[in-house]
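In: Give me a model of this one.
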Amino acid sequence: MKVKTVYYDDLLNDEFSGTKIQRIPLPKKFKFVHKNPFWRACSWLVYYGLAVPILWLVGKIGWGVKVYGRKNLKLMWHRGVFMYGNHTQILDGWSGQCYGLNPKRAYVVANMDSMSLKGLRGFILMLGCLPLPDQPEYLDDFQEAIALRYKQRAGIVIFPEAHIWPYSTHIRPFSEDSFIYPAELGAPVLALATTYRSHKIFKKMKPLVTLHISTPIYPDMSLSIPERKKQLRDAVYDYLIHHAAEDENIECVRYVKRPGAPTQK
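Out: Residues are numbered from 1 along each chain as shown. Now for the predicted structure:
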């Protein structure tokens, strides 16, 4: 398999998704949680009747998805859970929804690009998107939605690397900021490591996907919230690093720092 080289300038902020979406601010009175029974019924049908079956098949047939650690989810049937993974595909939210947490309803925290596709905002919300707002006035509503979904025993999928690096086999540094939610709620966390393996027959094709789900990681409630955030972040990071270093993790895109790019602190 030929390895493609991609040059980056900023390890923390460069984006390689290939999408060029102009962000649109959220409208006034935007609803993160819909209580209308008709809307909720449509959302259930879109999620379980359309998205999950189709994406599950796409994952199995097109990506050859294998999952290790599904048994760890059985410990989470009775309660909400947060899942943190490395961000290596435009549609990798489906991996948490269709394979990591299914049949538990799952919501994916995404940036505002997802809410900027004209005519698709409602549909994307029904799929389980929780948009992280750019506008400060919406942050309280967003955090309340996170807490409500957790209390409803749902799964909440977060990608702390924030930016998409397709087929990356390395874990980029990320802060503990996104771990504030389980740290405050005392919620369990699952790490989801995405790695890539080669085709046994079609050697020149892009690699197949392997998902690794960790055992539940619980915040130490005797620690302060900042310490809990760091505890959870470090546990997830170590799990992702461990699986990224496996021999099976095949590199088809090599990310190299561009010569002359500024040194990051």
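In: ok, the helix or strand harbouring Leu211: who's next to it in the sheet?
Out: Counting by DSSP states H and E, the element that carries Leu211 is strand 208-213. Partners of strand 208-213 in the sheet, by DSSP bridges, are strand 66-68 (parallel), strand 189-197 (antiparallel).
In: The helix or strand of the chain with the lowest mean pLDDT packs against which elements?
Out: For the chain, counting by mean pLDDT, DSSP states H and E, helix 93-94 ranks last in confidence among helices and strands (a mean of 81). Secondary-structure packing of helix 93-94 (3 or more CB pairs under 8 Å, 6 or more residues apart in numbering; DSSP states H and E): helix 52-62. C-beta coordinates here come from the backbone N, C-alpha and C atoms, glycine included.
In: Show me what counts as buried in the helix it packs on.
Out: 52, 55-56, 59 (16 or more other CB atoms under 10 Å).
In: Can you pull the poorly scored residue ranges out of the stretch 101-250 of the chain?
Out: By pLDDT under 70, the low-scoring segments of the stretch 101-250 of the chain are 203.
In: just to revisit the earlier point, so the strand holding Leu211 versus helix 52-62, what angle?
Out: Angle of strand 208-213 versus helix 52-62, following axes from the mean of the first three to the mean of the last three CA atoms, to 10 degrees, is 120 degrees.
In: From the rest of the structure, what touches strand 208-213?
Out: For strand 208-213, contacts defined as CB atoms under 8 Å, 6 or more residues apart in numbering pick out 59, 63-70, 72-73, 95, 99-100, 190-199, 239, 243, 248.
In: Now that we have those residues, which of them are buried?
Out: With neighbours counted by 16+ other CB under 10 Å, the contacts of strand 208-213 contain buried members at 59, 63, 65, 67, 69, 72-73, 95, 99-100, 190-198, 239, 243.
In: Partner strands of the helix or strand following the least confident helix or strand of the chain, with direction?
Out: Per DSSP H and E, the first helix or strand lying C-terminal to helix 93-94 is strand 106-110. Sheet pairing of strand 106-110 (DSSP bridges) gives strand 129-131 (parallel), strand 155-158 (parallel).
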